[in-house]
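K.L.:
Can you look at this prediction? I've put the sequence above it.
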Amino acid sequence: MLDVVASNADDVASVMNAIGLQARQAARALATTAPDAKNDALHAMADALLASKNDLLQANAQDLQQVEGKGLPASFIDRLTLTPKSIEAMAQGLREIAALKDPVGEVIATWDRPNGLKIERVRTPLGVIGVIYESRPNVTADAGALCLKAGNAVILRGGSDSLHSSRAIHRCLAEGLKSAGLPEHAIQIVPTSDRAAVGAMLSGLSGAIDVIVPRGGKSLVARVQNEARVPVFAHLEGLCHIYVDASADLEMAKRIVVNAKMRRTGICGAAETLLVDSAAIGTHLIPLLEALTDAGCEVRASATVLKVFPGLKPATEDDWRTEYLDAIISVAVVDGISGAIAHIGTYSSNHTEAVIAEDPAVAERFFNEIDSAILLHNASTQFADGGEFGMGGEIGIATGKMHARGPVGVEQLTSFKYRVRGTGQIRP
């Protein structure tokens, strides 16, 4: 790994192009690496994380000290902080990824043509993936492991706020690669905090990078989506909705709504808007509002909600478009499932939506007519996570319509190619 600090734009460009070239060379080797070798590396990485726990905590303490007193939101500090428990979770995540079926070389489909040609569609690595992230040092391990399992090389660019933590984690990943005899440049971390490095990655590093994945705030993701010259897997915002139908079991609805909003308010799968069926105003609305306020959540209410529960803060038009990432939720009454579909269609960021209903027809309409990446029935939006989907982790959530959508796990980090076998056929 190039351990340098670039002093000007030319230096940054030179360093980044070298990293891109090294990643491309590593990707060629990884594409044909045996599954056992990749799994050995992942287990060695997990062992190194656990053995280096004190070093990781010390590095993280440096990062936390640097942001102290800057008035950053609690959600930011939560994402930045490493604990013994979170380090153990990182290590366990690597082992879970190792236990997944290797996707490379999997035959997705096969068919025969009348002329005797035999055609197969086969999974293949994407190549080199660039990951740009902020204040989430655990992404270093998650992204490195997922890319490796899928046969890809990865270039990691963590935020300046998490620089010490990310570098310490990367050293553990490098140790795992070395112990398994895999290319040392399979997982690289950008050695400078200069923002020009991000621009270099977005340019594609002279064709070295095949896909960019941003993990961070709205401004970072917007910049990546606006400037990237290579494909992007990303979501801009997590404007997640919960619709509570009149048929919903009230106690279930209360548990789910509070969990979806308050379990962790700073994640992209946290609920930001609650929609309640107008037919449930007399049965569900007040208990749901009380459950939220009792849990310490600020409610911003529509005019109809305010009539039933005075004293709440009135919701503005901006509230329906706001990803709070905090203990705040906007609440509106809608005219049944049709009203919920209309509201979500207007304001959703196409990330995650949930319906709470015992009426199966309501659930089916919700699933069929809402086009978000993740839809849940009678479950919390906080399950919008690759680990919870059994993917062993995720590199991010994608809300686009092409290729990867929803949690981006190992399979989503592959493409495919066609293998056609003949016996001398020529085209007439």
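P.N.:
Right, received. Where do you want to start?

K.L.:
Torsion angles phi and psi at the residue nearest to L275 when sequence neighbours are not counted?
P.N.:
Leaving aside its sequence neighbours, L275 sits nearest to Y243 (CB to CB, 6 or more residues apart in numbering; 4.5 Å). Any C-beta I mention is one placed from the backbone N, CA and C, and that applies to glycine too. Main-chain dihedrals, Y243, degrees, to the nearest 10: phi -110, psi 130.

K.L.:
mind listing what's buried in the biggest helix by length in the chain?
P.N.:
Ranked by residue count under DSSP state H, the longest helix found in the chain is helix 9-30. For helix 9-30, burial by neighbour count (16 or more other CB atoms under 10 Å) applies to 12-13, 15-16, 18-20, 22-27, 30.

K.L.:
chain center to that helix: distance?
P.N.:
25 Å (CA atoms, centre = their mean, to the nearest Å).

K.L.:
ok and the helix or strand following it relative to helix 9-30, angle-wise?
P.N.:
Moving toward the C-terminus from helix 9-30, the next helix or strand (DSSP states H and E) is helix 35-51. Helix 35-51 and helix 9-30 are oriented at 130 degrees to each other (axes from the mean of the first three to the mean of the last three CA atoms, to 10 degrees).

K.L.:
Can you list the neighbours in contact with helix 35-51?
P.N.:
30, 56, 87-88, 90-92, 94-95, 97-98, 102, 104, 141, 144-145, 148-149, 151, 169, 171-173, 175-177, 179-182 (CB atoms under 8 Å, 6 or more residues apart in numbering).

K.L.:
Stretch 287-306 now?
P.N.:
Contacts of stretch 287-306 (CB under 8 Å, 6+ apart): 244, 250, 253-254, 257-258, 261-262, 274, 276, 278, 281, 285, 309, 312-316, 319, 327-333.

K.L.:
mean confidence for it?
P.N.:
Mean pLDDT, computed over stretch 287-306, is 98.

K.L.:
That one: which residues count as buried?
P.N.:
L288, L289, A291, L292, C297, V299, R300, A301, S302, T304, V305, L306.

K.L.:
ditto for stretch 404-419
P.N.:
For stretch 404-419, by 16+ other CB under 10 Å, it's A404, R405, G406, P407, V408, G409, V410, E411, Q412, L413, T414.

K.L.:
In a markdown table: these, plus distance to Q66, secondary structure and pLDDT.
P.N.:
Output for those, formatted as a markdown table (distance: CB to CB, whole Å; DSSP: H, G, I helix; E, B strand; the rest coil; pLDDT from 0 to 100):
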| residue | distance to Q66 | secondary structure | pLDDT |
| --- | --- | --- | --- |
| A404 | 34 | coil | 87 |
| R405 | 36 | coil | 91 |
| G406 | 34 | strand | 92 |
| P407 | 31 | strand | 92 |
| V408 | 30 | coil | 92 |
| G409 | 32 | coil | 92 |
| V410 | 34 | coil | 94 |
| E411 | 37 | helix | 93 |
| Q412 | 34 | helix | 94 |
| L413 | 32 | helix | 95 |
| T414 | 38 | strand | 96 |
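
K.L.:
Could you save those residues as CSV and add columns showing distance to E237?
P.N.:
CSV is the format used below for these (distance: CB to CB, whole Å):
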residue, distance to E237
A404, 18
R405, 16
G406, 15
P407, 16
V408, 17
G409, 21
V410, 25
E411, 25
Q412, 20
L413, 23
T414, 27
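
K.L.:
sorry, back to before: what's the residue nearest to L275 in contact with, if anything?
P.N.:
Counting by CB under 8 Å, 6+ apart, Y243 touches 275-277, 334, 337, 340, 344, 353-357, 366.

K.L.:
On the three-state scheme, the closest residue to A280 other than its chain neighbours is what?
P.N.:
Nearest residue to A280, sequence neighbours excluded (CB to CB, 6+ apart): A246, at 4.1 Å. Under DSSP: H, G, I helix; E, B strand; the rest coil, A246 falls in the coil class.

K.L.:
Pull the number of nearby residues for R321.
P.N.:
Counted by other CB atoms under 10 Å, the residues lying close to R321 total 16.

K.L.:
which residues are contacting the worst-scoring helix or strand of the chain on mean pLDDT?
P.N.:
Lowest mean confidence among the helices and strands of the chain (mean pLDDT, DSSP states H and E): helix 74-80, at a mean of 85. With CB under 8 Å, 6+ apart as the test, helix 74-80 has contacts from 60, 63-64, 67, 135-137, 161-162, 165, 264-266, 325-326.

K.L.:
now, which of those residues lie within helices?
P.N.:
N60, D63, L64, V67, S165.

K.L.:
so which of the residues you listed is the most crowded?
P.N.:
Neighbour-wise, the ones in helices among the contacts of helix 74-80 (other CB under 10 Å) top out at S165, 28 neighbours.

K.L.:
returning to what we had before: the residue nearest to L275 bridge partners, please.
P.N.:
L275, V355 (DSSP bridges).

K.L.:
Just the strands from the stretch 51-200 of the chain, written as ranges.
P.N.:
Listed in chain order, the strands found in the stretch 51-200 of the chain under DSSP state E, counting those that start in this stretch are 107-112, 118-125, 128-133, 153-157, 187-189.

K.L.:
rewinding a little: in ChimeraX, select just the buried ones from the contacts of stretch 287-306.
P.N.:
Applying 16+ other CB under 10 Å to the contacts of stretch 287-306 leaves a buried subset, and the ChimeraX line that selects it is:
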select :244,253,254,257,258,261,262,274,276,281,285,309,312,315,319,327,328,329,330,331,332,333
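
K.L.:
Name the nearest of the contacts of Y243 relative to G116.
P.N.:
Taking CB to CB as the measure, F366 is the one of the contacts of Y243 closest to G116, at 47.0 Å.
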